[in-house]
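Engineer: Mind looking at a prediction? Sequence and model below.
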Amino acid sequence: MGRIVVEVMPKPEILDPQGKAVAGALPRLGLDGFVSVRQGKRFELEVDGDVDDAALDQARRAAETLLSNPVIENVVRVAPVDDAGSE
């Protein structure tokens, strides 16, 4: 079984209230040095067999048509995940 990771982020011009809340909380926890935070979504798609170009193409189509809202979000990454869990 192979896995593909899809990451989706809000477009830069879209407000991100969750990211702003996290950005405000970080200094209160003593975690300084971060200028801003944007929160996105991560999906892991499992495929039957190895991840090949056809599976990646299907994942890109799914990302653009179902997993993201193209009006307010960008698909920023579609990549295979190896057996050790790294992309």
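Structural biologist: Structure received.

Engineer: How about the longest helix along the chain, which residues are buried there?
Structural biologist: For the chain, the helix with the greatest residue count under DSSP state H is helix 17-28. Under the neighbour-count criterion of 16 or more other CB atoms under 10 Å, helix 17-28 has Gly19, Ala23 buried. From N, CA and C alone the C-beta is placed, and that goes for glycine too.

Engineer: could you pull out the helices for this structure?
Structural biologist: For the chain, the helices defined by DSSP H cover 17-28, 53-62.

Engineer: Can you add distance to Asn69 and mean pLDDT and give those helices back as JSON lines?
Structural biologist: JSON lines is the format used below for the helices of the chain (distance: least, CB to CB, whole Å; pLDDT from 0 to 100):
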{"stretch": "helix 17-28", "distance to Asn69": "15", "mean pLDDT": "96"}
{"stretch": "helix 53-62", "distance to Asn69": "13", "mean pLDDT": "97"}
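
Engineer: can you list these in a markdown table and add distance to Arg77?
Structural biologist: Below are the helices of the chain laid out as a markdown table (distance: least, CB to CB, whole Å):
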| stretch | distance to Arg77 |
| --- | --- |
| helix 17-28 | 18 |
| helix 53-62 | 10 |
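
Engineer: Against which helices or strands is the longest helix of the chain packed?
Structural biologist: Using 3 or more CB pairs under 8 Å, 6 or more residues apart in numbering; DSSP states H and E as the contact criterion, no helix or strand is in contact with helix 17-28.

Engineer: which outside residues touch it?
Structural biologist: Pro10, Asp32, Phe34, Ser36, Val37, Arg38, Gln39 (CB atoms under 8 Å, 6 or more residues apart in numbering).
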